[in-house]
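Peer 1: coords please:
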Amino acid sequence: MKRFGILTGGGDAPGLNAVIRAVVKIALNEYRGEVVGIRDGFDGFVEPDGIFKLDAAAVRGILPRGGTILGTANRGNPFARKVKRGGQWVVEDISGLIADNIHALKLDALIVVGGDGTLRIAREMSMKGVPVVGVPKTIDNDINATEITFGFDTALNVATEALDRLHSTAESHHRVMVLELMGRDAGFIALHAGMAGGADVILIPEIPFNPDAICRKVQARIDSGTKFSIVAVSEGARPQGGEQIYAIPANEVSVARLGGVGQMVSNYVADHAGVESRLTVLGHLQRGGSPTAFDRWLATRFGGAAIRLAAEGRFGRMVALQNGQIVDVSLDEALDVPKRVDPNGDAVRTARGLGISLGDD
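Peer 2: I've put the predicted structure just below:
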């Protein structure tokens with residue numbers, strides 16, 4: 001009998017429970033194996049009650065649920081764990097302790113489901129002899145070697161619906177409606193949702209923008225008789241010659257948090273284009289809720305491929321979607337170069353052809 005472990009790390013994403021369900025059911029049905037869940041990422045290996053058995057009953061009914069039944073931690077880096085001692089925050093490397101605890105559990109494989117940060121930790125743990133298999137998860141869709149990550153489609157649908165809803169109020173009040181979207185340093189959510197939701201301006205990190213170009217687009221629409229405009233802004237977008245805007249700077253506990261570029265754009269348009277402007281920050285609404293059918297389908301396939309890799313002893317690898325097929329790639333290949341929107345790709349060219357401003361003209 002093989003014994004598998006599974007954890008989810010980083011930010012939550014719709015489809016995580018579908019991966020867990022697939023891993024457990026296939027491990028039980030195909031391999032007569034045992035699966036244990038690790039709570040709250042790698043922290044579960046050192047926290048009380050951090051390990052528990054996952055059986056068929058534990059995963060019953062979780063397929064349509066958002067979030068993760070395992071819990072997650074986006075600051076749970078065992079190589080730089082932040083703990084408070086004597087009233088002061090200190091950084092500790094407990095990776096060796098966690099590796100020892102994993103071996104003590106006699107796990108034949110550990111399936112790690114996460115984004116680039118969590119998968120980088122998984123790669124480092126594999127160098128310590130931990131038998132790791134990776135599953136890519138992020139709403140940002142910024143992991144290389146896979147065409148898409150689960151969670152992205154759900155976030156995209158939420159963002160597109162928000163743009164649809166903003167159209168009616170923008171048109172009614174003759175306003176510019178600015179929607180700030182997640183994505184970190186990748187503009188996939190803003191670009192895809194902006195095109196699907198009929199945005200007039202799309203601002204993404206890969207193409208620094210000129211605020212005056214936004215105003216020119218708004219004014220051109222007014223001159224043509226259209227008194228409203230929709231602007232989709234990725235949280236990581238930045239003005240030409242400027243830097244990204246952070247809502248919360250890095251501190252001793254947390255990493256820096258992007259946010260605020262949407263307000264800057266909205267204020268600039270109101271001040272320089274003479275048009276009333278309103279901002280909506282969609283925020284964590286993009287992360288939550290029931291996953292779309294596509295994300296459930298992809299996450300389930302990823303989970304199935306991951307447990308097969310684990311059972312075959314093929315460690316240090318990540319499952320991926322390429323040309324419609326589930327394949328596996330090395331963690332090195334997946335993480336060496338982050339995926340970004342191609343400024344000269346067909347999606348951007350099509351957006352420009354539709355008359356959408358990318359803020360650089």
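
Peer 1: which residue comes closest to residue 193 once chain neighbours are left out?
Peer 2: Leaving out its chain neighbours, the residue that sits closest to residue 193 by C-beta to C-beta, 6 or more residues apart in numbering is residue 159, at 3.6 Å. Backbone N, C-alpha and C define where each C-beta goes, glycine included.

Peer 1: next secondary structure after the helix or strand hosting residue 37?
Peer 2: Secondary structure from DSSP states H and E places residue 37 in strand 34-38. Next helix or strand after strand 34-38 toward the C-terminus (DSSP H and E): strand 51-54.

Peer 1: let me see the mean pLDDT of that next one.
Peer 2: For strand 51-54, mean pLDDT rounds to 97.

Peer 1: if we can go back for a sec, was I right to think the residue nearest to residue 193 contacts residue 281?
Peer 2: No - with contact defined as C-beta atoms under 8 Å, residue 159 does not count as touching residue 281 (11.7 Å).

Peer 1: what about those two, which has more around it?
Peer 2: Set residue 159 next to residue 281 and count neighbours by other C-beta atoms under 10 Å: residue 159 wins out with 26 against 18.

Peer 1: what packs against the lowest-mean-pLDDT helix or strand in the chain?
Peer 2: The weakest-scoring helix or strand in the chain, judged by mean pLDDT, DSSP states H and E, is strand 81-85 (a mean of 82). On a contact count with 3 or more C-beta pairs under 8 Å, 6 or more residues apart in numbering; DSSP states H and E, strand 81-85 meets strand 88-92.

Peer 1: coming back round to it: surely the residue nearest to residue 193 is in a helix?
Peer 2: Yes - under DSSP: H, G, I helix; E, B strand; the rest coil, residue 159 falls within a helix.

Peer 1: tell me the domain ranges of this protein?
Peer 2: 3-150+291-322, 155-287+342-353 (automatic domain parsing).

Peer 1: I'd like to know which of the ones you listed lies nearest to residue 334.
Peer 2: For these, the distance to residue 334 is smallest for domain 3-150+291-322, at 4.4 Å, taking C-beta to C-beta.

Peer 1: follow-up on the earlier one: the residue nearest to residue 193: what's it in contact with?
Peer 2: 179, 181, 189-190, 193, 197, 232, 282, 286 (C-beta atoms under 8 Å, 6 or more residues apart in numbering).

Peer 1: same question for residue 270.
Peer 2: 176, 276-277.

Peer 1: who's in contact with residue 124?
Peer 2: So residue 124 contacts 79, 95 (C-beta under 8 Å, 6+ apart).

Peer 1: how far away is it from residue 335?
Peer 2: Relative to residue 335, residue 124 is positioned 11 Å away (C-beta to C-beta, to the nearest Å).

Peer 1: just residue 218 next, same as before
Peer 2: Remark: distance between residue 218 and residue 335 (C-beta to C-beta) = 40 Å.

Peer 1: many thanks, have a good one.
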